[in-house]
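> one predicted model, sequence on top.
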Amino acid sequence: DPKYWGTEPEADAQAAVDAAIDAGINLFDTAELYGAGETERVLGRVLGANRDRVLIASKAMEQNCAPAKLRAACEASLQRLGTDRIDLYQIHWPSRSVPFEDTYGELCRLRDEGKIRAIGVSNFGPRDLDAWMAQGECVSNQLGYHLLFRVIEREIVPACLERRVGILVYVPLFQGILTGR
């Protein structure tokens, strides 16, 4: 959408990624859902030779949590990113139709094959996190959090801390609103 990303997104992305790396930023988060995969394509192209200097986090949509669909989603993300591995592969939202056991098992196979390095989740509340952790581990839970939306502090942050699950936040500046944009 040009109103958010400008009229030359790839040129802008190249400048933003280069500036981020120069400033010491080494984690880039994307998802198959963002721009119907276009953000993965652009990120892969603009990283180029810098790929090994950074970590890439991506996410699979909840409708892709069945093992065969998850594998296909991961392979498609790898292809769009132009890389042989995703450093942190996350489940974007808890699936209500596929048991966590099935999803976790496929993520472990992808990790064992070297296609992903670490398993994470996103938008998981305490109950979903408990159910997920009963199957195995995850290194992180990515959650919406900013000065105007602090509800995760009540139950989700303590649940993550208790289970030693890292927290990644998204929209920390509320899509630019908290910058005065």
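Thanks, I have it.
> helices of this structure, start to end?
Counting by DSSP state H, the chain has these helices, from start to end: 2-5, 9-22, 38-47, 67-81, 100-112, 126-133, 156-162.
> I'd like the ones you listed as JSON lines, with mean neighbour count, mean pLDDT and distance to residue 88 appended.
All C-beta spots, glycine's among them, are computed from the backbone N, C-alpha and C. Formatted as JSON lines, these follow (neighbours: other CB atoms under 10 Å; pLDDT from 0 to 100; distance: least, CB to CB, whole Å):
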{"stretch": "helix 2-5", "mean neighbour count": "9", "mean pLDDT": "55", "distance to residue 88": "23"}
{"stretch": "helix 9-22", "mean neighbour count": "14", "mean pLDDT": "90", "distance to residue 88": "17"}
{"stretch": "helix 38-47", "mean neighbour count": "20", "mean pLDDT": "96", "distance to residue 88": "14"}
{"stretch": "helix 67-81", "mean neighbour count": "18", "mean pLDDT": "98", "distance to residue 88": "12"}
{"stretch": "helix 100-112", "mean neighbour count": "18", "mean pLDDT": "98", "distance to residue 88": "11"}
{"stretch": "helix 126-133", "mean neighbour count": "17", "mean pLDDT": "97", "distance to residue 88": "15"}
{"stretch": "helix 156-162", "mean neighbour count": "16", "mean pLDDT": "97", "distance to residue 88": "15"}
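> centroid-nearest residue for this protein?
Averaging the C-alpha coordinates of the chain gives a centre point, and the residue nearest to it by CA atoms, centre = their mean is residue 58 (3.7 Å).
> next one, pLDDT for that residue please.
Taken from the predicted model, the pLDDT recorded for residue 58 is 98.
> list the residues that contact it.
Residues near residue 58 by CB atoms under 8 Å, 6 or more residues apart in numbering: 29, 30, 31, 32, 40, 77, 81, 86, 88, 89, 90.
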